[in-house]
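Asker: One predicted model, sequence on top.
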Amino acid sequence: MERKILLLGNPALYETSRPVTDADWKDLPAIVEDLHDTLLAFRKKYGAGRAIAAPQIGVPLRLLYMFIDTPTVFINPSLEFPDEEMMDVMDDCMSFPELLVRVSRHRRCIIHYTDLEKTPCQMALEGDLSELLQHEYDHLDGILAVMRAKDSKSFFLKSEV
């Protein structure tokens, strides 16, 4: 079921999400379905959207959903940065769909997570996928891209770029 995406300024977006526990596991398929439906509805409306974090639909769990070629569910993810190389990117977000923010992100990261079959996994990412997962991971800690802006002149309306 498509859910409402929480928008910039909603206090729930600034809260730290709690880890998924065994007690939560039975609810995960429905939450993942909602994340999928919400992502596809956003994509249809805005022509963008590759991943979404559970807190963006009001579910304060450490759960990410990415759908590019195939769906990937990241349960209780953690990030590792193999080096210090950074890159500047124009970041956008479903929680502020008309805004771009210039931020600095690690060029490479490794995400460790559990999948829906309770299998420990890891994925090495580089470039735009590294940026994407860092952005989504930030949502789990109540951090929005606007909080990572390089400076006070790093905000742009998509319609003006």
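Answerer: Okay, I see it.

Asker: Just the strands from the protein, written as ranges.
Answerer: Assigned by DSSP state E, the chain shows strands spanning 51-53, 63-67, 71-80, 86-93, 96-106, 108-114, 120-126, 155-157.

Asker: what comes into contact with the third one?
Answerer: For strand 71-80, the external contacting residues (C-beta atoms under 8 Å, 6 or more residues apart in numbering) are 19-20, 28, 32, 36, 62-66, 109-116, 123, 133-134, 136-137, 140. C-beta here means a position set from N, CA and C on the backbone, and glycine is covered the same way.

Asker: Name the residue closest to the centre of this structure, please.
Answerer: Residue closest to the mean C-alpha point of the chain, counted by C-alpha atoms, centre = their mean, is Glu136 at 1.9 Å.

Asker: That residue and Ala149, how far apart?
Answerer: Applying C-beta to C-beta, to the nearest Å, the value for Glu136 to Ala149 is 18 Å.

Asker: cool, and Ser159?
Answerer: In terms of C-beta to C-beta, Ser159 sits 19 Å off from Ala149.

Asker: now do Glu160
Answerer: In terms of C-beta to C-beta, Glu160 sits 16 Å off from Ala149.

Asker: Surely Pro55 is in contact with Pro11?
Answerer: No - no contact is recorded between Pro55 and Pro11 when judged using C-beta atoms under 8 Å, the distance being 11.3 Å.

Asker: Settle it for me: which of these two has more neighbours?
Answerer: Taking other C-beta atoms under 10 Å, Pro55 and Pro11 do not tie; Pro55 has more neighbours (26 against 8).

Asker: Enumerate every residue touching that one.
Answerer: Per C-beta under 8 Å, 6+ apart, neighbours of Pro55: Leu6, Ala12, Leu13, Glu15, Ser17, Leu61, His139, Leu140, Gly142.

Asker: picking that back up, residues in contact with the residue nearest to the centre of the chain?
Answerer: The contact partners of Glu136, by C-beta under 8 Å, 6+ apart, come to Ala51, Ile52, Ala53, Leu64, Met66, Phe74.

Asker: what's the answer for Leu6, then?
Answerer: Ala12, Leu13, Pro55, Gln56, Ile57, Gly58, Ser95.

Asker: and the residues you listed as a markdown table, adding distance to Met1 and pLDDT?
Answerer: Compiled in a markdown table, the contacts of Leu6 are given as follows (distance: C-beta to C-beta, whole Å; pLDDT from 0 to 100):
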| residue | distance to Met1 | pLDDT |
| --- | --- | --- |
| Ala12 | 19 | 98 |
| Leu13 | 20 | 98 |
| Pro55 | 17 | 98 |
| Gln56 | 15 | 98 |
| Ile57 | 10 | 98 |
| Gly58 | 13 | 98 |
| Ser95 | 19 | 98 |
